[in-house]
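**Q** What follows is a predicted structure for the sequence shown.
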Amino acid sequence: WGRMYKDQDINFQCIPVSPSFLHVMGIEVKSGRDFRPEDDLKENGCYIFNEKAREMYNLELGEKIDGDEIVGFISNVKFASFRNEVSPMTFYVWGKYRWGQEVDSKYYAAAYVKVKAGSDLRAAMKHVQACLTKIDPIYPFKTTFYDEILQQTYERELKISNLITLFSVIAIFISVVGVFGLVVFESEYRRKEVAVRKVLGSSTSQILFMFNKGYLAILVVCFILAAPVAFYGMYRWLENFAYRTPMYLWVFLLSFIIISAITFITVTFQNWHVANSNPVDSMKTE
(Lines give C-alpha, C1' and ligand atoms only; values in the text may rest on other atoms or scores of the structure.)
Protein backbone atom coordinates (compact mmCIF):
# COMPACT_ATOMS: atom_id res chain seq x y z
CA TRP A 1 0.00 0.00 0.00
CA GLY A 2 1.09 3.56 -0.70
CA ARG A 3 0.01 6.26 1.76
CA MET A 4 0.96 9.73 2.93
CA TYR A 5 2.52 10.20 6.36
CA LYS A 6 3.73 13.63 7.48
CA ASP A 7 4.07 14.84 3.89
CA GLN A 8 6.09 11.81 2.79
CA ASP A 9 5.10 8.86 0.64
CA ILE A 10 5.37 5.55 2.46
CA ASN A 11 4.88 2.05 1.06
CA PHE A 12 4.20 -1.04 3.13
CA GLN A 13 2.58 -4.46 3.07
CA CYS A 14 -0.83 -4.41 4.74
CA ILE A 15 -2.56 -7.48 6.19
CA PRO A 16 -6.18 -6.90 7.28
CA VAL A 17 -7.01 -8.93 10.39
CA SER A 18 -9.59 -9.20 13.13
CA PRO A 19 -8.81 -7.66 16.56
CA SER A 20 -7.97 -11.05 18.11
CA PHE A 21 -5.40 -12.00 15.44
CA LEU A 22 -2.18 -11.05 17.26
CA HIS A 23 -3.34 -12.70 20.49
CA VAL A 24 -4.27 -15.94 18.73
CA MET A 25 -1.00 -16.07 16.78
CA GLY A 26 1.09 -15.24 19.86
CA ILE A 27 2.57 -12.05 18.39
CA GLU A 28 3.64 -9.70 21.18
CA VAL A 29 3.17 -5.94 20.86
CA LYS A 30 6.48 -4.31 21.79
CA SER A 31 5.16 -0.79 22.23
CA GLY A 32 1.70 0.70 22.22
CA ARG A 33 -1.29 -1.62 22.56
CA ASP A 34 -2.87 -4.64 20.92
CA PHE A 35 -6.06 -4.41 18.89
CA ARG A 36 -9.29 -4.26 20.88
CA PRO A 37 -12.77 -5.56 20.01
CA GLU A 38 -14.07 -1.98 19.93
CA ASP A 39 -11.60 -1.14 17.13
CA ASP A 40 -14.01 -2.90 14.78
CA LEU A 41 -16.69 -0.36 15.68
CA LYS A 42 -14.64 2.78 15.06
CA GLU A 43 -15.18 4.95 12.03
CA ASN A 44 -11.53 4.56 11.00
CA GLY A 45 -9.07 1.68 11.19
CA CYS A 46 -6.03 0.96 13.34
CA TYR A 47 -2.47 0.03 12.36
CA ILE A 48 0.14 -2.04 14.18
CA PHE A 49 3.41 -1.76 12.25
CA ASN A 50 6.59 -3.82 12.46
CA GLU A 51 9.95 -2.38 13.54
CA LYS A 52 11.18 -2.22 9.94
CA ALA A 53 8.44 0.23 9.00
CA ARG A 54 8.94 2.18 12.22
CA GLU A 55 12.66 2.67 11.58
CA MET A 56 12.32 3.34 7.84
CA TYR A 57 9.58 5.97 8.06
CA ASN A 58 10.05 7.28 11.63
CA LEU A 59 6.52 6.28 12.57
CA GLU A 60 5.16 7.37 15.94
CA LEU A 61 2.43 6.06 18.22
CA GLY A 62 -0.82 7.99 18.05
CA GLU A 63 -0.11 9.47 14.62
CA LYS A 64 -2.62 8.93 11.84
CA ILE A 65 -2.28 7.79 8.24
CA ASP A 66 -5.26 8.93 6.15
CA GLY A 67 -7.33 9.03 9.32
CA ASP A 68 -6.26 5.57 10.56
CA GLU A 69 -4.38 5.55 13.87
CA ILE A 70 -1.06 3.88 14.62
CA VAL A 71 -1.74 2.05 17.91
CA GLY A 72 1.29 -0.23 18.29
CA PHE A 73 4.50 -1.76 17.02
CA ILE A 74 5.68 -5.38 16.87
CA SER A 75 8.97 -7.11 16.11
CA ASN A 76 9.90 -8.00 12.55
CA VAL A 77 7.72 -11.10 12.18
CA LYS A 78 8.68 -13.43 9.31
CA PHE A 79 5.82 -14.72 7.14
CA ALA A 80 7.87 -15.57 4.06
CA SER A 81 11.07 -17.33 3.07
CA PHE A 82 14.41 -16.27 4.54
CA ARG A 83 15.46 -15.55 0.96
CA ASN A 84 13.54 -12.29 1.28
CA GLU A 85 14.43 -9.47 3.62
CA VAL A 86 11.79 -8.27 6.06
CA SER A 87 9.83 -5.46 4.44
CA PRO A 88 7.79 -2.68 6.06
CA MET A 89 4.43 -4.21 6.94
CA THR A 90 1.41 -3.69 9.16
CA PHE A 91 -1.57 -5.53 10.56
CA TYR A 92 -4.73 -3.54 10.08
CA VAL A 93 -8.24 -3.54 11.56
CA TRP A 94 -10.64 -1.89 9.13
CA GLY A 95 -13.20 -0.31 11.41
CA LYS A 96 -16.64 0.57 10.01
CA TYR A 97 -15.35 3.05 7.46
CA ARG A 98 -12.83 2.24 4.73
CA TRP A 99 -11.99 5.35 2.71
CA GLY A 100 -15.63 6.02 1.91
CA GLN A 101 -16.63 2.38 1.31
CA GLU A 102 -18.39 -0.13 3.51
CA VAL A 103 -16.27 -3.08 4.60
CA ASP A 104 -17.03 -6.07 2.37
CA SER A 105 -16.79 -9.69 3.52
CA LYS A 106 -14.38 -10.41 0.66
CA TYR A 107 -11.62 -8.75 2.69
CA TYR A 108 -11.97 -11.55 5.24
CA ALA A 109 -11.69 -14.46 2.81
CA ALA A 110 -9.29 -16.39 5.07
CA ALA A 111 -9.45 -17.36 8.73
CA TYR A 112 -6.49 -18.40 10.88
CA VAL A 113 -7.20 -21.17 13.37
CA LYS A 114 -4.70 -22.10 16.09
CA VAL A 115 -5.05 -25.68 17.30
CA LYS A 116 -3.73 -26.70 20.71
CA ALA A 117 -0.79 -29.11 20.65
CA GLY A 118 -1.90 -32.72 20.89
CA SER A 119 -5.42 -32.02 19.65
CA ASP A 120 -7.25 -34.15 17.09
CA LEU A 121 -6.69 -32.15 13.89
CA ARG A 122 -9.32 -34.08 11.94
CA ALA A 123 -11.99 -33.34 14.55
CA ALA A 124 -10.89 -29.71 14.72
CA MET A 125 -11.21 -29.31 10.94
CA LYS A 126 -14.69 -30.87 11.00
CA HIS A 127 -15.72 -28.39 13.69
CA VAL A 128 -14.37 -25.44 11.68
CA GLN A 129 -16.12 -26.69 8.55
CA ALA A 130 -19.41 -27.04 10.44
CA CYS A 131 -19.09 -23.46 11.71
CA LEU A 132 -18.36 -22.17 8.22
CA THR A 133 -21.33 -24.04 6.79
CA LYS A 134 -23.63 -22.29 9.25
CA ILE A 135 -22.30 -18.91 8.10
CA ASP A 136 -22.22 -19.63 4.35
CA PRO A 137 -23.29 -23.10 3.14
CA ILE A 138 -21.85 -22.66 -0.37
CA TYR A 139 -18.49 -21.13 0.57
CA PRO A 140 -15.66 -23.54 -0.45
CA PHE A 141 -13.88 -25.04 2.55
CA LYS A 142 -10.13 -25.28 1.97
CA THR A 143 -7.56 -25.82 4.72
CA THR A 144 -3.78 -25.47 4.68
CA PHE A 145 -1.35 -25.97 7.54
CA TYR A 146 1.28 -23.32 8.10
CA ASP A 147 4.07 -25.83 8.72
CA GLU A 148 3.33 -27.32 5.28
CA ILE A 149 3.46 -23.85 3.72
CA LEU A 150 6.87 -23.24 5.29
CA GLN A 151 8.10 -26.64 4.16
CA GLN A 152 7.04 -25.89 0.57
CA THR A 153 8.94 -22.62 0.83
CA TYR A 154 12.15 -24.55 1.47
CA GLU A 155 11.37 -27.56 -0.73
CA ARG A 156 14.33 -26.81 -2.97
CA GLU A 157 16.71 -26.60 -0.01
CA LEU A 158 15.38 -29.85 1.43
CA LYS A 159 15.99 -31.66 -1.86
CA ILE A 160 19.49 -30.21 -2.15
CA SER A 161 20.21 -31.18 1.46
CA ASN A 162 19.08 -34.76 0.86
CA LEU A 163 21.19 -35.01 -2.30
CA ILE A 164 24.26 -33.59 -0.55
CA THR A 165 23.81 -36.04 2.34
CA LEU A 166 23.38 -39.00 -0.04
CA PHE A 167 26.40 -38.19 -2.17
CA SER A 168 28.49 -37.35 0.90
CA VAL A 169 27.79 -40.78 2.37
CA ILE A 170 28.61 -42.43 -0.97
CA ALA A 171 31.82 -40.39 -1.30
CA ILE A 172 32.92 -41.28 2.24
CA PHE A 173 32.19 -44.96 1.63
CA ILE A 174 34.15 -44.97 -1.65
CA SER A 175 37.00 -43.09 0.03
CA VAL A 176 37.18 -45.55 2.92
CA VAL A 177 37.17 -48.51 0.50
CA GLY A 178 39.87 -46.84 -1.59
CA VAL A 179 42.01 -46.05 1.43
CA PHE A 180 41.57 -49.59 2.71
CA GLY A 181 42.65 -51.04 -0.64
CA LEU A 182 45.66 -48.72 -0.81
CA VAL A 183 46.64 -49.59 2.77
CA VAL A 184 46.40 -53.32 2.04
CA PHE A 185 48.60 -52.93 -1.03
CA GLU A 186 51.17 -50.75 0.78
CA SER A 187 51.33 -52.96 3.86
CA GLU A 188 51.99 -56.05 1.76
CA TYR A 189 54.45 -54.19 -0.46
CA ARG A 190 56.42 -52.91 2.58
CA ARG A 191 56.17 -56.10 4.64
CA LYS A 192 59.91 -56.81 4.36
CA GLU A 193 60.74 -53.21 5.32
CA VAL A 194 58.54 -53.54 8.39
CA ALA A 195 60.30 -56.82 9.30
CA VAL A 196 63.73 -55.17 9.03
CA ARG A 197 62.58 -52.26 11.20
CA LYS A 198 61.27 -54.71 13.79
CA VAL A 199 64.61 -56.55 13.85
CA LEU A 200 66.42 -53.23 14.30
CA GLY A 201 64.27 -52.43 17.31
CA SER A 202 61.29 -50.44 16.05
CA SER A 203 58.15 -50.79 18.14
CA THR A 204 54.66 -51.42 16.83
CA SER A 205 53.59 -47.85 17.62
CA GLN A 206 56.58 -46.46 15.65
CA ILE A 207 55.68 -48.56 12.62
CA LEU A 208 52.02 -47.49 12.80
CA PHE A 209 53.14 -43.87 13.10
CA MET A 210 55.28 -44.32 9.99
CA PHE A 211 52.28 -45.47 7.96
CA ASN A 212 49.90 -42.85 9.36
CA LYS A 213 52.38 -40.00 8.80
CA GLY A 214 52.28 -40.49 5.04
CA TYR A 215 48.48 -40.49 4.93
CA LEU A 216 48.35 -37.41 7.14
CA ALA A 217 50.43 -35.49 4.58
CA ILE A 218 48.01 -36.57 1.83
CA LEU A 219 45.02 -35.48 3.92
CA VAL A 220 46.54 -32.05 4.57
CA VAL A 221 47.13 -31.47 0.86
CA CYS A 222 43.58 -32.60 0.00
CA PHE A 223 42.12 -30.37 2.72
CA ILE A 224 44.03 -27.33 1.44
CA LEU A 225 42.63 -27.96 -2.04
CA ALA A 226 39.07 -28.86 -1.01
CA ALA A 227 38.36 -26.31 1.75
CA PRO A 228 38.38 -23.20 -0.53
CA VAL A 229 36.11 -24.98 -3.03
CA ALA A 230 33.66 -25.95 -0.26
CA PHE A 231 33.78 -22.44 1.21
CA TYR A 232 33.04 -20.85 -2.17
CA GLY A 233 30.19 -23.26 -2.89
CA MET A 234 28.54 -22.62 0.49
CA TYR A 235 29.07 -18.86 0.13
CA ARG A 236 27.33 -18.78 -3.25
CA TRP A 237 24.43 -20.91 -1.95
CA LEU A 238 23.94 -18.70 1.12
CA GLU A 239 23.82 -15.63 -1.14
CA ASN A 240 20.27 -16.71 -2.05
CA PHE A 241 19.10 -15.83 1.47
CA ALA A 242 18.60 -12.38 2.95
CA TYR A 243 19.18 -13.92 6.40
CA ARG A 244 21.90 -16.53 6.65
CA THR A 245 24.15 -18.19 9.16
CA PRO A 246 27.83 -17.19 9.12
CA MET A 247 30.41 -19.75 8.01
CA TYR A 248 32.71 -20.69 10.87
CA LEU A 249 36.26 -21.99 10.50
CA TRP A 250 35.67 -24.68 13.14
CA VAL A 251 33.18 -26.44 10.82
CA PHE A 252 35.93 -27.08 8.28
CA LEU A 253 38.41 -28.07 10.98
CA LEU A 254 35.88 -30.48 12.49
CA SER A 255 35.30 -32.13 9.10
CA PHE A 256 39.07 -32.49 8.69
CA ILE A 257 39.35 -34.11 12.14
CA ILE A 258 36.52 -36.56 11.40
CA ILE A 259 37.97 -37.59 8.03
CA SER A 260 41.42 -37.90 9.61
CA ALA A 261 40.03 -40.12 12.37
CA ILE A 262 38.33 -42.40 9.83
CA THR A 263 41.54 -42.65 7.81
CA PHE A 264 43.76 -43.32 10.83
CA ILE A 265 41.42 -46.02 12.10
CA THR A 266 41.46 -47.69 8.68
CA VAL A 267 45.26 -47.47 8.37
CA THR A 268 45.89 -48.65 11.94
CA PHE A 269 43.44 -51.52 11.68
CA GLN A 270 45.06 -52.92 8.53
CA ASN A 271 48.70 -52.39 9.54
CA TRP A 272 48.33 -53.69 13.09
CA HIS A 273 48.63 -57.28 11.88
CA VAL A 274 51.69 -56.50 9.72
CA ALA A 275 53.41 -54.58 12.52
CA ASN A 276 52.90 -57.48 14.95
CA SER A 277 53.77 -60.34 12.57
CA ASN A 278 56.94 -62.46 12.99
CA PRO A 279 59.84 -60.71 11.17
CA VAL A 280 61.28 -64.12 10.15
CA ASP A 281 58.09 -65.03 8.26
CA SER A 282 58.05 -61.64 6.54
CA MET A 283 61.69 -62.00 5.43
CA LYS A 284 60.93 -65.39 3.87
CA THR A 285 58.19 -63.97 1.64
CA GLU A 286 60.60 -61.79 -0.36
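**A** Structure received.
**Q** List the contacts of stretch 54-68.
**A** Residues outside stretch 54-68 that contact it (Cβ atoms under 8 Å, 6 or more residues apart in numbering): 3-6, 8, 10, 31-32, 44-47, 49, 53, 69-73, 88, 92, 95, 99. All C-beta atoms are positioned from the backbone trio N, CA, C, and that covers glycine.
**Q** Narrow those to those in strands?
**A** Secondary structure from DSSP state E places 3-5, 8, 10, 31-32, 46-47, 49, 69-73, 92 of the contacts of stretch 54-68 in strands.
**Q** Taking these, tell me the two that lie furthest apart.
**A** Comparing all pairs in the ones in strands among the contacts of stretch 54-68 by Cβ to Cβ, the longest separation belongs to Met4 and Ser31, at 23.0 Å.
**Q** Could you pull up the contacting residues of Asp39?
**A** For Asp39, the contacting residues are Pro19, Gly45, Cys46, Val71, Val93, Gly95, taking Cβ under 8 Å, 6+ apart as the criterion.
**Q** hmm, which helix or strand of this structure has the shakiest average pLDDT?
**A** Sorted by mean pLDDT, DSSP states H and E, the helices and strands of the chain end with strand 101-102, the least confident at a mean of 46.
**Q** quick one: stretch 229-247 to chain centroid distance?
**A** Average the C-alpha atoms of stretch 229-247, do the same for its chain, and the two points are 12 Å apart (Cα atoms, centre = their mean, to the nearest Å).
**Q** Contacts for it next, please.
**A** Contacts of stretch 229-247 from elsewhere in the structure, counted by Cβ under 8 Å, 6+ apart, are Phe82, Arg83, Asn84, Glu85, Val86, Ile160, Phe252.
**Q** Could you pick out the buried ones from the residues you listed?
**A** Burial of the contacts of stretch 229-247 was assessed by neighbour count (16 or more other Cβ atoms under 10 Å); the buried members are Val86, Phe252.
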